[in-house]
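Asker: Task: produce atomic coordinates for the following.
(chains A and B)
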Amino acid sequence: MQPLTSRSKTVERKPMTMWEKMYVPAIAKGMSITFGHMFKKKPTVNYPEKTRPFSPVFRGLHVLNRDEEGRERCTACGLCAVACPAEAITMDAAERLPGEENLYREEKYAAKYEINMLRCIFCGLCEEACPKDAIYLSETFAPSNYGRSKFIYGKEELLIPNPKTQPEEFAKAKGNK
Amino acid sequence: MADAPKLFKVTIDNISIEVEPGTSILQAARMIGGDVTPPAMCYYSKLKGSGGKCRTCLVEVAAGSTADPRPMPKLVASCRTNVMDGMIVKNITSEKVIDARNGVVEFLLINHPLDCPICDQAGECHLQDLSYEHGKEGTRYEFPKRVFEKHDIGPYIQLHMTRCILCYRCVFLADQLTDKREHGVLDRGDHSEIATYIHQALDHEFIGNVIDVCPVGALTDKTFRFKNRVWFLKPEDAHRECSNPNCCGKAVLWYRGDEVYRVTARKDQWGEVEGWICNECRFEKKKTSDWVIEGPTKVNRHSVISQGHYVGVQKPPEVLYEVLDGRKPKLLMNIHDVSEVNEPGIDLSSIQGPAHSTDFDKG
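Answerer: Below is the predicted model:
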């Protein structure tokens, strides 16, 4: 019969020798491997004090972007919501009133914008669909919580700090990039 | 002599059809249907005299007729050229036509703002479809685009002249459907604009139809402005007994949940209105109780409007109560307790005109 694999081994059923029956050498061999790991580099990090670097394509929590003047970029075009396979994104659009030009970039804006993080699968299709560079997936994990109600992210949670009025927060959120 | 009129045989993209004399090439192509039909931005079969302006329906005539089989020297506008017996027309089989159409689209987009993310017409815009098929990724135009102020034409219609491609459809409609036309095209060339001269309100019971005939987002429904994107709405065919004898009373209601966000006339497969509806039906009857619902509108499955509309879905019966011995399932969270979108207290459909920040603050 042809063997299924070239790496098959026949099981030896010879009786153990006196040296093998003592077990002590085998235990010593095993323990030497165990203690040897103490002097090797640790593969784990002390999260959350230390974090691993993210891959540049990492898709974490969403942010809603502002332009250089601090105006919201989102125009509530609905392309992220239509692209979303989990139907996690909902929004209500409104028209910009005179005097709100410093708040919103276009004449239409998202008065309400919500992402249901319980539904979101972090696929990044919203980011791809956005024609206005308004939504990005950041390098942040979705935080945990005890209640479901904390996972409905509105504009307060999503919008990045305003670079004009909150420069310190903006610099902190921006990090080293 | 036989009394039956002689039918002209015309071949469009190697498909032959016999049509009555006096039919335009575009009409003959529409009888064949499918891909051989040239796109049309200005021609409207229900409006007399329309067509010949946008040049998107250009076709190549490879043989003029049986009697004179010479080809026509230039590409012709198919909406304005009548068929001859034995005519051979090339539309998508001709490279010249495709090239010319790409050029026409580039010209149409020169002054078009391409603000589709803001525009209410996005999703049902003919220029959007056309540029998706024929447009280039970039533009070669280096100069500032022409920009106009937004106008309110009457209480219901918003004119966004910047988006206009000057197809004249709305002018023809006002001319033919209403007894006194109050708007037209002012100025010439690059400066031409649809206007009412001294910002008069267009006041006629059928003027709302200009919204439906506009191929782009230049004339939009102000009562629907920025309320929602068309592809999130569910269209339903409906009719009502309208007191106006000229109103056909057949419309499409665009639903979001139980709210009617807007009412439009029914459109056929070429995007043309099947029957005109009056302003009362369009702007003032936004309650389900005003209408007799016929059923969901058939939407082409290639249209973005068909997203999320699952056709022929059999909803499985609710078995949860049976399984739980008649007890109600425990809801872990009511989304309205947390979410601020689609709040039950704010009916966007009842707000006249677009919502503003003030509408949401009080909610």
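Asker: Where do the helices of the stretch 51-200 of chain B begin and end?
Answerer: B:95-108, B:126-134, B:169-177 (DSSP state H, counting those that start in this stretch).
Asker: Please state the mean pLDDT value computed over the second one.
Answerer: It stands for helix B:126-134. For helix B:126-134, mean pLDDT rounds to 91.
Asker: Deepest in the core, which of the helices of the stretch 51-200 of chain B is it.
Answerer: By mean neighbour count, with neighbours taken as mean count of other CB atoms under 10 Å in any protein chain shown, helix B:169-177 ranks first of these at a mean of 21. For every residue, glycine as well, the C-beta is placed using N, CA and C.
Asker: any chance of the helices of the stretch 51-200 of chain B in a markdown table, plus distance to chain A?
Answerer: As requested, those are arranged in a markdown table below (distance: least, CB to the nearest CB, whole Å):
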| stretch | distance to chain A |
| --- | --- |
| helix B:95-108 | 19 |
| helix B:126-134 | 12 |
| helix B:169-177 | 22 |
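Asker: any idea which element A:P25 lies in?
Answerer: Per DSSP states H and E, A:P25 falls inside helix A:24-36.
Asker: Helix or strand next in line after that helix, which one?
Answerer: strand A:62-64.
Asker: Report all helices and strands that that following strand contacts.
Answerer: Applying 3 or more CB pairs under 8 Å, 6 or more residues apart in numbering or on different chains; DSSP states H and E, we find strand A:62-64 packed against strand A:135-137, helix A:155-158.
Asker: Let me see the contact set for B:A77.
Answerer: Contacts for B:A77 (CB atoms under 8 Å, 6 or more residues apart in numbering or on different chains) come out as B:G51, B:G52, B:R55, B:C57, B:L58.
Asker: Tell me the one of those nearest chain A?
Answerer: Among the contacts of B:A77, B:R55 lies closest to chain A (CB to the nearest CB), at 28.0 Å.
Asker: pLDDT score for that closest one?
Answerer: So B:R55 comes in at 92 (pLDDT).
Asker: swap in B:D221?
Answerer: 92.
Asker: Show the contacting residues for it.
Answerer: B:D120, B:Y156, B:I157, B:Q158, B:G208, B:I211, B:R262, B:T264, B:R282, B:F283.
Asker: B:C247 versus that one, what's the distance?
Answerer: 17 Å (CB to CB, to the nearest Å).
Asker: try A:E157
Answerer: Taking CB to CB, one finds A:E157 at 49 Å from B:C247.
Asker: Could you list the low-pLDDT ranges of the chain?
Answerer: In the absence of a named chain, chain A is used. Applying pLDDT under 70 to chain A flags the ranges A:142, A:177.
Asker: That was the other one, I meant chain B.
Answerer: Those would be B:1-4, B:197-201, B:362-363, if you go by pLDDT under 70 across chain B.
Asker: what does it have sitting close to chain A?
Answerer: For chain B, the contact set with chain A under CB under 8 Å from any CB of the partner chain comprises B:115-118, B:122, B:225-229, B:231-232, B:304, B:307, B:332-333, B:335, B:337-342, B:348, B:353-360.
Asker: Got a ChimeraX select line for the buried ones in these?
Answerer: Buried residues among the residues of chain B next to chain A (16 or more other CB atoms under 10 Å in any protein chain shown), as a ChimeraX selection:
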select /B:115,116,117,118,122,225,226,227,228,229,231,232,304,338,339,340,341,342,348,353,354,355,356,359,360
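Asker: quick one: contacts for whatever residue of chain A ends up closest to chain B?
Answerer: Residue nearest to chain B within chain A: A:C77 (3.3 Å; CB to the nearest CB). Contacts here follow CB under 8 Å, 6+ apart; on that basis A:C77 touches A:P131, A:K132, B:C116, B:P117, B:I118, B:A122, B:R229.
Asker: could you redo those as JSON lines and give each row distance to B:E236?
Answerer: Below are the contacts of A:C77 laid out as JSON lines (distance: CB to CB, whole Å):
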{"residue": "A:P131", "distance to B:E236": "30"}
{"residue": "A:K132", "distance to B:E236": "32"}
{"residue": "B:C116", "distance to B:E236": "25"}
{"residue": "B:P117", "distance to B:E236": "27"}
{"residue": "B:I118", "distance to B:E236": "26"}
{"residue": "B:A122", "distance to B:E236": "21"}
{"residue": "B:R229", "distance to B:E236": "17"}
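Asker: quick one: which two of the residues you listed are the most distant?
Answerer: The distance between the two most remote of those (CB to CB) is 14.3 Å, for A:K132 and B:R229.
Asker: Spatially central residue in chain A, please.
Answerer: The C-alpha lying nearest the average C-alpha coordinate of chain A belongs to A:G60 (CA atoms, centre = their mean; 2.7 Å).
Asker: Phi first, then psi, for that residue.
Answerer: phi -110, psi -140 (degrees, to the nearest 10).
Asker: where's it relative to A:E72, distance?
Answerer: Taking CB to CB, one finds A:G60 at 21 Å from A:E72.
Asker: can you check B:L173 too?
Answerer: According to CB to CB, B:L173 stands 38 Å off from A:E72.
Asker: Name the SS class of the residue in chain B sticking out farthest from the centre, please.
Answerer: Here chain B reaches farthest from its C-alpha mean at B:D325, the gap being 51.8 Å by CA atoms, centre = their mean. In three-state terms, and counting by DSSP: H, G, I helix; E, B strand; the rest coil, B:D325 is coil.
Asker: distance of it from A:E114?
Answerer: 36 Å.
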